[in-house]
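> With the input below, show me the fold.
(2 chains)
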Amino acid sequence: MLNTSPVLEFKSSTFFAPILILFNNDMAAIEEALQDKISLAPEFFKDSPLIVDLRELNKQNQDLDFTQIVQILRRVGFFPVGIRGGNEQQNKQARTLSIPLDTVREQSSSISIGETQKQETAPQPSPQPEVPVAKQSANPIPAPPASAAATLVTQPIRSGQRIYASGDLIILSQVSAGAEIMAEGNIHVYNTLRGRALAGVHGNTAARIFCFDLQAELISIAGDYKTSEDLNKQTYTSPVQIYLQNHALIIKEIA
Amino acid sequence: MARIIVVTSGKGGVGKTTTSAAIAMGLAKAGHKTAVIDFDVGLRNLDLILGCERRVVYDFINVINGEASLNQALIRDKNCNLLYILPASQTRDKDALTQEGVGKVLDELSKEFQYIVCDSPAGIEKGANLALYFADDAFVVTNPEISSVRDSDRMLGILSSKSRRAERNEEPIKEYLLLTRYDADRVKLGEMLSLEDVQEILSLHLLGIIPESKSVLSASNAGIPVILDEKSEAGQAYADVVARYLGEERPHRFIDGKQGFFRRLFGGRK
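Residues are numbered from 1 along each chain as shown, chains lettered A, B, ... in the order given. Here you go, the predicted model:
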């Protein structure tokens, strides 16, 4: 019986992790700046995995002792799990510390850590949601996972129908009252939107809804919603874009 | 191969059975051998509208269960010998319908008939789903009233997702709109949705507008499909519908209501 069930399995998956970009090699200044940041949101940073980005420093030819920075990071409560843009010496130090190297992709926004590499490193908390990462790093907002291409719908979406897209959702026909369209990314409706539209359903606050004729029963971005009762009369039946700003849904007419 | 038409609406009381009887008669009158099936198992009505209730011996469920042959159950219409009716069972319920059984009956009918009209029950449950499952064309019967429009919209969603054509990724069911019980005067007064209001939501190919007419009720009670009452507006409207469905171009009538003699004389009220 026992030898029928496998002991292990390898799977591939994507994680989001904050990236720490260093602009200066002054260790004391770095530690102080980190403490300041952490004091703002201690729970958020506690035991957080972290990738150290040394590209900027190395561009400026400022040298930095990677072993030392790892000590500082661990002391203030981070788990450094990767290095990118390090020079030969820093990469060697990282290898000694069992910290995986990341080959820098051109302006790639998200970093994935291979499962096999991850297992060598210190225990990791569950992956952070995508949004705080965006706040933390200077990089653009991580793009949705590569599998999430845009979904195109040309048929009318009738009452009672539900459409779910793991990326962006583009609809060319009308969306009837009583229909529900959901996307992890943006929603575009190039026609009348009468049903419910929910964008950024996995918490992507940067998602937007665009529609030619707003008559929706409900609109929602990353869980913040408005029902038709709360919709402004002025934007009703107008072409609009809807986005989130400080947890408020902004409905703006598109000229 | 027969063309299978489902007459459906979602909502009850909008005129599905009246429409089924009228268009089946119209198609038969136009020379096409037509069968009309009552899918409203347990609430048998079609036989009344077609005036053959006293000739029902076997029904649809008997055929599905193999208790009678199709030829035993089919009733030939007394007004048109190209029209046959397959009545529903009054003593059973929708659970007696099976997809396999319905498919078998339709296959067998397809060999002999040119058109098969399926009179769907109201609702979106088993009876309605099976009535539309095998369809090639759908006549969506809608009243100019918001709940009927909403239910029709829901039905259109089901037509495009739960039919055999959808499941097999074939060409989708052709959907047609029939706006019934339309009262142009009440539309003018703003009491009833207009054709544009309905089309704004449904945007379907309009096959015809059937005006609200006293002749529909009297025809139903007499057991004569209203299409045979050539003097009535509803009868003429259904004749137009059948002609348009068969490919004839006919201008739409009854949208603006009739211009009575006195109204023409005095310029109408407003």
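> Does A:Gln68 lie in a helix or a strand, and which?
helix A:66-76 (DSSP states H and E).
> oh sorry, the question was meant for B:Asn79
Per DSSP H and E: nothing holds B:Asn79, as it lies in no helix or strand.
> Low-confidence stretches in the chain?
Using chain A here. A:1-4, A:12, A:14-15, A:103-148 (pLDDT under 70).
> Sorry, I should have been clearer: chain B.
For chain B, the stretches with pLDDT under 70 are B:258-270.
> If we use 50, what do you get?
Applying pLDDT under 50 to chain B flags residues B:268-270.
> Residue of it nearest chain A, please.
B:Gly157 (3.1 Å; CB to the nearest CB). (C-beta placed from N, C-alpha, C; glycine too.)
> Helix, strand or coil: sort out that residue for me.
Under the three-state scheme (DSSP: H, G, I helix; E, B strand; the rest coil), B:Gly157 adopts helix.
> buried sites along the helix holding A:Gln68?
Residues of helix A:66-76 classed as buried by neighbour count (16 or more other CB atoms under 10 Å in any protein chain shown): A:Phe66, A:Ile69, A:Val70, A:Ile72, A:Leu73.
> do stretch A:199-219 as well
In stretch A:199-219, the ones that count as buried by 16+ other CB under 10 Å are A:199-202, A:204-219.
> same thing with stretch A:18-26?
A:Pro18, A:Ile19, A:Leu20, A:Ile21, A:Leu22, A:Asn25.
> what ranges do the strands span in the stretch 51-200 of chain B?
Applying DSSP state E, counting those that start in this stretch to the stretch 51-200 of chain B gives strands spanning B:75-76, B:83-86, B:115-119, B:137-142, B:174-182.
> Quick one: residues contacting the residue of the stretch 151-255 of chain A found nearest chain B.
Going by CB to the nearest CB, chain B is nearest to A:Arg158 of the stretch 151-255 of chain A, at 3.1 Å. Taking CB atoms under 8 Å, 6 or more residues apart in numbering or on different chains, we find A:Arg158 in contact with A:Ser176, A:Ala179, B:Asp153, B:Arg154, B:Met155, B:Leu156, B:Gly157, B:Ile158, B:Ser160.
> Could you pick out the residues of the stretch 151-255 of chain A near chain B for me?
Contact residues (CB under 8 Å from any CB of the partner chain) of the stretch 151-255 of chain A with chain B: A:155-161, A:174, A:176-179, A:192, A:194.
> Now, those that are in strands?
A:Thr192 (DSSP state E).
> Would you mind listing what in the stretch 51-200 of chain B touches chain A?
So far as CB under 8 Å from any CB goes, the stretch 51-200 of chain B lies against chain A at B:Arg150, B:Asp151, B:Asp153, B:Arg154, B:Met155, B:Leu156, B:Gly157, B:Ile158, B:Ser160, B:Ser161, B:Pro172, B:Glu200.
> Pipe those into JSON lines and attach distance to B:Lys188 and neighbour count per row.
Formatted as JSON lines, those follow (distance: CB to CB, whole Å; neighbours: other CB atoms under 10 Å in any protein chain shown):
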{"residue": "B:Arg150", "distance to B:Lys188": "23", "neighbour count": "21"}
{"residue": "B:Asp151", "distance to B:Lys188": "25", "neighbour count": "26"}
{"residue": "B:Asp153", "distance to B:Lys188": "25", "neighbour count": "27"}
{"residue": "B:Arg154", "distance to B:Lys188": "29", "neighbour count": "21"}
{"residue": "B:Met155", "distance to B:Lys188": "28", "neighbour count": "28"}
{"residue": "B:Leu156", "distance to B:Lys188": "28", "neighbour count": "27"}
{"residue": "B:Gly157", "distance to B:Lys188": "32", "neighbour count": "23"}
{"residue": "B:Ile158", "distance to B:Lys188": "33", "neighbour count": "22"}
{"residue": "B:Ser160", "distance to B:Lys188": "34", "neighbour count": "19"}
{"residue": "B:Ser161", "distance to B:Lys188": "37", "neighbour count": "14"}
{"residue": "B:Pro172", "distance to B:Lys188": "36", "neighbour count": "14"}
{"residue": "B:Glu200", "distance to B:Lys188": "18", "neighbour count": "14"}
